[in-house]
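**Student:** What follows is a protein structure lacking sequence information:
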């Protein structure tokens, strides 16, 4: 009898502990539907109003030449830019070059392959994922190597974007034959806590990159997006929930549409989908304290679009990034980053040359800044950053 | 005492053989690749053109290698190898598709990934895209 009681008690304990959900979700998880004031067929070409624009040409000299930019991160005082040469540059908010972060190599503090990187606000460090070592490397903002971080439990990833929240790190990866998980969340031991695939996407012999900026860092965690999807997901600690659903007027393309075009790039698929009257979802997500901005693909000919949400009202508007150069209006260039208060665009110098000497400032403070910013620009100069503080 | 010495010696021997095995295995999987990848130059194109170019990846080492996939750093391009297993001295054509959505001088790195190694070799895609305002 005594033995039977003990056995039953142990069994009950086992059942209870197995049912303990490690990825428990909050009791009051709720999804906010973001309404749109306009349809995707009637995009606004007038950019959103902004309080101010800060224009920052990045310093150019023989030792500081930024190649094709792969990733940019901005905090309240510094700008971090990685380029295709796998170099990581640090500039201040006036565009002056400060230092490099690390260097390529096999020595201590050197990285073999600069994968994604992010700013760790808790420790005030830059964290690089060396994808060949599958290890996070930590550096000070001055470029000095601090320490090796955790080694992650998966070496077959190709990270494109990373961000951290508390002790957790969320990576977004290219889809490859070896890795079908688009998102992986790691704990402070480098263990995968959860992974998420793009529904139905798989590749046999190539790599598929969906987005460069699919993750946004916010106060209450991380927000991220998925292809062919109108939902913004929230990642907080070790759980994931849908946070927003974005209203859209066009029919969403499906994975079957993509498979019929599987020889094309994602861009090619987007272009074809526009012709077919379909929407392929959002490409990038950026957030400030007041707004969410979601880039999406090609609208017509040469233009792409974005959806801007006011967080106070949960209402948004679809806009067009207009590539036409109008010299009496402050342009709103395609957004590539956010520093929490401003949306940031990084514009190659050659793209600004058409404005040189032609801007009609007419006592407009922002246009005056723009005029000054491009006055001495040359084609080979480093890019110029535009910080837009929206109303 | 004699028994203890035999046991200790056996442990040391087994550990040494195991370490030697692991070193050889590690060395094998971390061998430096002897692969070359050519630059792919698409010349001068208009903004929004779809570009298709070819380049070559060649195994100049002594051992066969296996291409896994080729990464791109933007969703405007894709690269596929026609052949994945390359014997010693063998090469393959890589087909690259690029939608010209960048303006001006373009340089894009495309790392070629292989099975059983974390080493990669970069294909460089370059060319010039005529800015839309000049067309």
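**Tutor:** Structure received. As the structure is a prediction and not an experimental result, all values here were calculated from the model. Numbering: from 1, shown residues only, chains lettered A, B, ... in the order given.
**Student:** Next up, phi/psi of residue A:196, please.
**Tutor:** For residue A:196, the backbone dihedrals are phi -140, psi 130 (criterion: degrees, to the nearest 10).
**Student:** I'd like to know how many residues surround it.
**Tutor:** Number of residues near residue A:196 (other Cβ atoms under 10 Å in any protein chain shown) recorded here: 17. In short, each C-beta sits where N, CA and C put it, glycine included.
**Student:** Could you do residue A:345 as well?
**Tutor:** By the measure other Cβ under 10 Å, the count of residues near residue A:345 is 21.
**Student:** all strands of the stretch 201-350 of chain A, in order?
**Tutor:** Applying DSSP state E, counting those that start in this stretch to the stretch 201-350 of chain A gives strands spanning A:215-218, A:221-225, A:231-236, A:239-246, A:251-252, A:278-279, A:282-287, A:291-300, A:303-310, A:315-320, A:337-338, A:343-347.
**Student:** can I get those strands in a markdown table with distance to residue B:95 and mean pLDDT?
**Tutor:** What follows is the strands of the stretch 201-350 of chain A, written out as a markdown table (distance: least, Cβ to Cβ, whole Å; pLDDT from 0 to 100):
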| stretch | distance to residue B:95 | mean pLDDT |
| --- | --- | --- |
| strand A:215-218 | 31 | 93 |
| strand A:221-225 | 30 | 94 |
| strand A:231-236 | 34 | 93 |
| strand A:239-246 | 36 | 93 |
| strand A:251-252 | 30 | 96 |
| strand A:278-279 | 26 | 93 |
| strand A:282-287 | 24 | 95 |
| strand A:291-300 | 23 | 85 |
| strand A:303-310 | 26 | 92 |
| strand A:315-320 | 33 | 95 |
| strand A:337-338 | 33 | 94 |
| strand A:343-347 | 30 | 95 |
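**Student:** Throw those strands into CSV and include distance to chain B, thanks.
**Tutor:** As requested, the strands of the stretch 201-350 of chain A are exported to CSV (distance: least, Cβ to the nearest Cβ, whole Å):
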stretch, distance to chain B
strand A:215-218, 15
strand A:221-225, 13
strand A:231-236, 19
strand A:239-246, 20
strand A:251-252, 18
strand A:278-279, 16
strand A:282-287, 8
strand A:291-300, 8
strand A:303-310, 8
strand A:315-320, 14
strand A:337-338, 16
strand A:343-347, 10
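**Student:** Can you name the residues that contact residue A:42?
**Tutor:** Residues near residue A:42 by Cβ atoms under 8 Å, 6 or more residues apart in numbering or on different chains: residue A:318.
**Student:** how far away is it from chain B?
**Tutor:** Applying Cβ to the nearest Cβ, to the nearest Å, the value for residue A:42 to chain B is 23 Å.
**Student:** Just the pLDDT for that residue.
**Tutor:** Here the pLDDT value assigned to residue A:42 is 90.
**Student:** same check, this time on residue A:154
**Tutor:** Residue A:154 carries a pLDDT value of 69.
**Student:** Who are the contact partners of residue 93?
**Tutor:** Since no chain was named, I'll use chain A. Shown in contact with residue A:93 (Cβ under 8 Å, 6+ apart): A:54, A:56, A:77-79.
**Student:** wait, chain B
**Tutor:** Applying Cβ under 8 Å, 6+ apart, we find residue B:93 in contact with B:54-56, B:81-83.
**Student:** Likewise for residue A:364?
**Tutor:** Contacts for residue A:364 (Cβ under 8 Å, 6+ apart) come out as residue A:330.
**Student:** What does it show for phi and psi?
**Tutor:** Residue torsions, per degrees, to the nearest 10, at residue A:364 are phi -80, psi 120.
**Student:** How much space separates it from chain B?
**Tutor:** Counting by Cβ to the nearest Cβ, the separation of residue A:364 from chain B is 22 Å.
**Student:** related to what we said a few turns ago, can I get the contacts of residue B:93 in TSV with pLDDT?
**Tutor:** Output for these, formatted as TSV (pLDDT from 0 to 100):
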residue	pLDDT
B:54	95
B:55	96
B:56	96
B:81	94
B:82	95
B:83	94
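**Student:** Residue B:97: which of these is nearest?
**Tutor:** Comparing the contacts of residue B:93 against residue B:97 with Cβ to Cβ places residue B:54 closest, at 10.7 Å.
**Student:** Check for me that that closest one belongs to a strand.
**Tutor:** Yes. Counting by DSSP: H, G, I helix; E, B strand; the rest coil, residue B:54 is located in a strand.
**Student:** State the distance from it to chain A.
**Tutor:** Look at residue B:54 and chain A: by Cβ to the nearest Cβ, they are 15 Å apart.
**Student:** Can you give me every residue that contacts residue 69?
**Tutor:** Assuming you mean chain A. A:81-84, A:336, A:346, A:383.
**Student:** should've been chain B
**Tutor:** By Cβ under 8 Å, 6+ apart, the residues touching residue B:69 are A:176-178, A:203, A:205-207, B:113.
**Student:** How about residue A:312?
**Tutor:** Taking Cβ under 8 Å, 6+ apart, we find residue A:312 in contact with residue A:290.
**Student:** For chain B, which residues are neighbours of chain A?
**Tutor:** Within chain B, the positions near chain A by Cβ under 8 Å from any Cβ of the partner chain are B:47-48, B:50, B:68-81, B:84, B:97-99, B:101-109, B:111, B:113, B:118-120, B:131-133.
**Student:** now, which of these lie within strands?
**Tutor:** B:50, B:68-70, B:77-81, B:97-99, B:104-109, B:111, B:113, B:120 (DSSP state E).
**Student:** Any stretches of the stretch 51-200 of chain A with poor pLDDT?
**Tutor:** Within the stretch 51-200 of chain A, the segments meeting pLDDT under 70 span A:154-156.
**Student:** What residues does it have near chain B?
**Tutor:** Proximity of the stretch 51-200 of chain A to chain B, by Cβ under 8 Å from any Cβ, involves residues A:67-68, A:70, A:84-86, A:112-113, A:131-134, A:155, A:158, A:160, A:174, A:176-178.
**Student:** Can you give me the pLDDT of the residue of the stretch 151-300 of chain A found nearest chain B?
**Tutor:** The stretch 151-300 of chain A approaches chain B most closely through residue A:266 (3.7 Å), counting by Cβ to the nearest Cβ. At residue A:266, the model reports a pLDDT of 85.
**Student:** and residue A:244, what is it in contact with?
**Tutor:** The contact partners of residue A:244, by Cβ under 8 Å, 6+ apart, come to A:31-34, A:231-232, A:292, A:309.
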